[in-house]
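Novice: Okay, here's the prediction I keep looking at, along with the sequence it came from:
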Amino acid sequence: MPLKETDPEIHSLIGKELQRQQDCIDLIASENYTPSSVLEATGSVLTNKYSEGYPGKRYYGGNEFIDAVETLAIERAKKLFGADHANVQPHSGSTANYCAYSALMEPGETLMGMELSQGGHLTHGSPVNFSGKAYKVASYSVDRNTEMLDYDQIRKQAMEQKPKVIVCGYTAYPRTVHFERFREIADACGAYLLADISHIAGLIAGGAHPSPSKYADVITTTTHKTLRGPRGAIIMCKADFAQKVDKAVFPGAQGGPLDHVTAAKAVCFHNAMRPDFREYAHQVVKNAKALADELNSQGLRLVSGGTDNHMVLVDLTSLGITGKDAQTVLERAGIICNRNTIPYDTQKPFVASGIRLGTPAMTTRGMKESEMKETASLLLKALRNRDSADALSSIKKEATALCSRFPIYGDYRV
Ligand code: DSN
């Protein structure tokens, strides 16, 4: 029986969410619209299977086709990113980082990552996360003036604190990451180098950001951000770490893999090898620059002065609004984003002085530089007219009209 009949409440909520996604300008830098091929694989009968273990070494029978699916996903991930080894089972980016750390170090050893409030991730050593509880943490920051990575300063800190693992790759850093500089730092202080490329994986796959594959010992990434795949993650590594990484994932951290998601990851890697994905990745960056230029020319200060990737970090101080309030106002105007701390923020993370904007989702819809200019104008108009309910509701209509020119799933219906 169709969902509509067996569970009309959930069916209706899914339908409403589809409509919301269609009608709103999504500027969340970590979101995207997966193609229907990925949705189809994710919603497949593969969800019925148990397959603890790895291809050819399972603890359950009946894995002939699951083995073939997982092997394809592994081979495609290796080819796409130029990796020696890939584990495609991690359920999430946080789990992937947990497993990568377990493979590389023991509890109590030192982990060096970017501080959360500066653009790092919770799992890069935040005290409220397992990473900050299980490991000794040596966090690095961006330079106070340039708001960019200062490799000499990071090197100095690494030589003093001698971390076992250095993490590079961020959730709110709008600039290029120079992985070769991190390799040199890791070699100098005797650390392993872990690149968490969750945000920029799609840009790397599409040739729009340098790749860490020659430099990092281990690479983790989610698959649902710029890479435009299903919600989940993978770990890649040099051959020497393969066994440790696999053991850390299963049985170390997880039981049965999500085979339907593994299939969708394989579909996503296949898509990302196509020439149109290269175009997409480059357009994401062009769109971010167009968005940044327009916001800047209309008077907003951008962290680090601009962007090299898919993301723009906006300091709202001059407008006299917090990130939290801006997020709410923009949602009322049909523009979805998230509040974000800016480097050396004086506000708490829950309030924050900035918003983080990204172009992966709007680029998937087919929007280009002129629509980014339009989006920047709508966003500023909303923030400047935040006290007028009428203004916000009329901007929302404009946002929905813009979105209606770029349908997300054609005639796909729930
Ligand atoms: N929550 C993700 C992001 O928005 O960047 C990171 O896990």
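Specialist: That came through, no problem.
Novice: distance of the closest residue in space to Leu3 that isn't next to it in sequence from Val414?
Specialist: In space, Leu3 comes closest to His11 once its chain neighbours are excluded; the distance is 4.6 Å by Cβ to Cβ, 6 or more residues apart in numbering. Yep, even glycine has a C-beta here, placed from its N, CA and C like the rest. Distance check for His11 against Val414: by Cβ to Cβ, to the nearest Å, it reads 7 Å.
Novice: shared neighbours of the two, anything?
Specialist: Residues within reach of His11 and of Val414 at once, by Cβ atoms under 8 Å, 6 or more residues apart in numbering, are Leu3.
Novice: sorry, back to before: roughly how far apart are the residue nearest to Leu3 and the ligand?
Specialist: Taken as Cβ to the nearest ligand atom, to the nearest Å, the spacing of His11 relative to the ligand amounts to 27 Å.
Novice: again, but for Lys265
Specialist: Separation of Lys265 from the ligand (Cβ to the nearest ligand atom): 17 Å.
Novice: in which helix or strand would I find that residue?
Specialist: Using DSSP states H and E, the secondary-structure element containing Lys265 is helix 259-272.
Novice: what about that helix, average pLDDT?
Specialist: Averaged over helix 259-272, pLDDT sits at 98.
Novice: With stretch 31-50 instead?
Specialist: When pLDDT is averaged along stretch 31-50, the result is 97.
Novice: Can you classify whatever residue of the stretch 101-250 of the chain ends up closest to the ligand as helix, strand or coil?
Specialist: Among the residues of the stretch 101-250 of the chain, Thr171 lies nearest to the ligand; the distance is 3.7 Å by Cβ to the nearest ligand atom. When states are read from DSSP: H, G, I helix; E, B strand; the rest coil, the local structure at Thr171 comes out as coil.
Novice: which residues does the nearest residue to it once chain neighbours are set aside contact?
Specialist: Counting by Cβ to Cβ, 6+ apart, Thr171 lies nearest to His121, which is 4.8 Å off, once chain neighbours are set aside. The neighbourhood of His121, defined by Cβ under 8 Å, 6+ apart, consists of 93, 97, 113, 170-171, 196, 198.
Novice: For the residue of the stretch 101-250 of the chain closest to the ligand, grab phi and psi.
Specialist: Note on Thr171: backbone dihedrals following degrees, to the nearest 10 are phi -110, psi -20.
Novice: shouldn't it be in contact with Ser198?
Specialist: Yes - in terms of Cβ atoms under 8 Å, Thr171 counts as a neighbour of Ser198; the distance is 7.4 Å.
Novice: how about the nearest residue to Thr400 once chain neighbours are set aside, what does it touch?
Specialist: Spatial nearest neighbour of Thr400, excluding adjacent residues (Cβ to Cβ, 6+ apart): Asp23 at 4.5 Å. For Asp23, the set of contacting residues under the criterion of Cβ under 8 Å, 6+ apart consists of 334, 399-400, 403-404.
Novice: Just the ones of these in helices?
Specialist: When the contacts of Asp23 are checked against helices using DSSP state H, the ones located there are 399-400, 403-404.
Novice: Among these, the buried ones, what's the ChimeraX command?
Specialist: For anyone working in ChimeraX, the buried entries among these, judged by 16 or more other Cβ atoms under 10 Å, can be selected with:
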select :399,403
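Novice: Please name the residues that touch the residue in the stretch 301-414 of the chain positioned nearest to the ligand.
Specialist: Nearest residue of the stretch 301-414 of the chain to the ligand (Cβ to the nearest ligand atom) works out as Asn338 at 6.6 Å. Residues in contact with Asn338, defined by Cβ under 8 Å, 6+ apart, are 28, 327, 355-356.
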